[in-house]
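Student: A structural model of the following input is requested.
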Amino acid sequence: MDTTEQLNGKYFFDGMSVDKEELIFWLILDEFRKRFEIIDVLAVASMLASLPVIPVRGKLDAKRATRGTSPISLASRTLIQAKFKRPHKTITWAQLLRGNWAYTTSVGAYVGRWVPWLGAALTLYDLNVITQNVIHRYKLITGGK
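Tutor: Numbering: from 1, shown residues only. Okay, the predicted model is just below:
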C-alpha cells in the first residue's frame with residue numbers, strides 16, 4: 001500500500017518504511033514485477049540467441065563476414081528453406097557496429113536476423129514504460145520532489 005505520509009524523512013511503501021533511495025529501488029522492482037511477462041522473456045532470449053556462438057566454415061568474405069552463426073539463424077535457415085529472387089537488406093550486431101547492411105537471399109536467414117531486433121524493440125519499449133511509471137509513482141509518493 002503506497003502512502004504519501006512522511007515521518008522523520010522516511011516514506012512508507014508496501015508496508016515498509018524506506019528512505020528516498022530505497023523507495024526508488026522498491027518502485028523499480030515493483031514495476032518490473034508488474035510488467036514482466038513471457039513475451040519479455042522471449043524478447044531477451046531472442047537477443048541472446050542471436051549471438052554468433054556456433055562456429056561455421058566456408059564464409060567467403062573473411063574480412064566482412066561475422067565469424068560463426070547464431071542459434072536463431074541456424075534454426076530459421078533449417079526450418080525455412082525458401083529463397084528470395086534478389087538479396088534483401090538485413091542487419092546483424094556486427095554489421096550495425098560497422099555501419100553496413102547485410103544482404104541475403106535466404107528467407108530463413110532474413111527472419112533469423114530480424115527476430116532479435118523485434119526483441120530489442122520490445123525490451124526498449126518495456127524499459128521506457130517501466131521508467132515512466134517509476135517516475136510517476138515516485139513523484140506521487142514524495143510529493144513531486
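Student: Now do the buried residues in the longest helix along the chain.
Tutor: In the chain, assigned by DSSP state H, the helix with the most residues is helix 107-142. Buried residues in helix 107-142, defined by neighbour count with 16 or more other Cβ atoms under 10 Å: 107-117, 119-120, 122-123, 126, 130, 133-134, 137-138, 141. (Each C-beta comes from the backbone N, C-alpha and C, glycine too.)
Student: same question, stretch 48-59
Tutor: Neighbour counts over stretch 48-59 (16+ other Cβ under 10 Å) mark 49-50, 52 as buried.
Student: Closest to Phe32 out of these?
Tutor: Ala49 (21.9 Å; Cβ to Cβ).
Student: and that closest one, what does it touch?
Tutor: Ala49 makes contact with 70-72, 116, according to Cβ atoms under 8 Å, 6 or more residues apart in numbering.
Student: and the next element down the chain from the lengthiest strand in the chain?
Tutor: Scanning the chain for the longest strand, with DSSP state E as the assignment, gives strand 83-90. The helix or strand immediately downstream of strand 83-90 is helix 93-98, counting by DSSP states H and E.
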